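Student: take this sequence and fold it.
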Amino acid sequence: MPRSEDVILTNMCLVEDKDGNFVVQIRDPKRYDWSGAVFPGG
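Tutor: Prediction:
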């Protein structure tokens, strides 16, 4: 019985330096509809 399902695949990239620090954005709940720690980009 064949089955199929629509999916959206997402690729994420983490920018990290040699010391293990990485780029992250802390979204302020007063400025944005949703808040928390996110990887910046699009």
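Student: tell me which residues touch residue 12, please.
Tutor: residue 39 (Cβ atoms under 8 Å, 6 or more residues apart in numbering). C-beta coordinates here come from the backbone N, C-alpha and C atoms, glycine included.
Student: packing partners for the lowest-mean-pLDDT helix or strand in the chain?
Tutor: Lowest mean confidence among the helices and strands of the chain (mean pLDDT, DSSP states H and E): strand 36-38, at a mean of 87. When contacts are defined as 3 or more Cβ pairs under 8 Å, 6 or more residues apart in numbering; DSSP states H and E, strand 36-38 packs onto strand 25-27.
Student: packing partners of the strand it packs on?
Tutor: Using 3+ Cβ pairs under 8 Å, 6+ apart: strand 25-27 touches strand 36-38.
Student: the strand it packs on: which residues count as buried?
Tutor: Within strand 36-38, not a single residue qualifies as buried, counting by 16 or more other Cβ atoms under 10 Å.
Student: what strands flank that strand, and is each parallel or antiparallel?
Tutor: strand 25-27 (antiparallel) (DSSP bridges).
Student: can you list the residues that contact the strand it pairs with?
Tutor: Contacts of strand 25-27 (Cβ under 8 Å, 6+ apart): 34-40.
Student: could you export the residues you listed as a markdown table, including distance to residue 19?
Tutor: Compiled in a markdown table, the contacts of strand 25-27 are given as follows (distance: Cβ to Cβ, whole Å):
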| residue | distance to residue 19 |
| --- | --- |
| 34 | 30 |
| 35 | 27 |
| 36 | 24 |
| 37 | 19 |
| 38 | 22 |
| 39 | 18 |
| 40 | 19 |
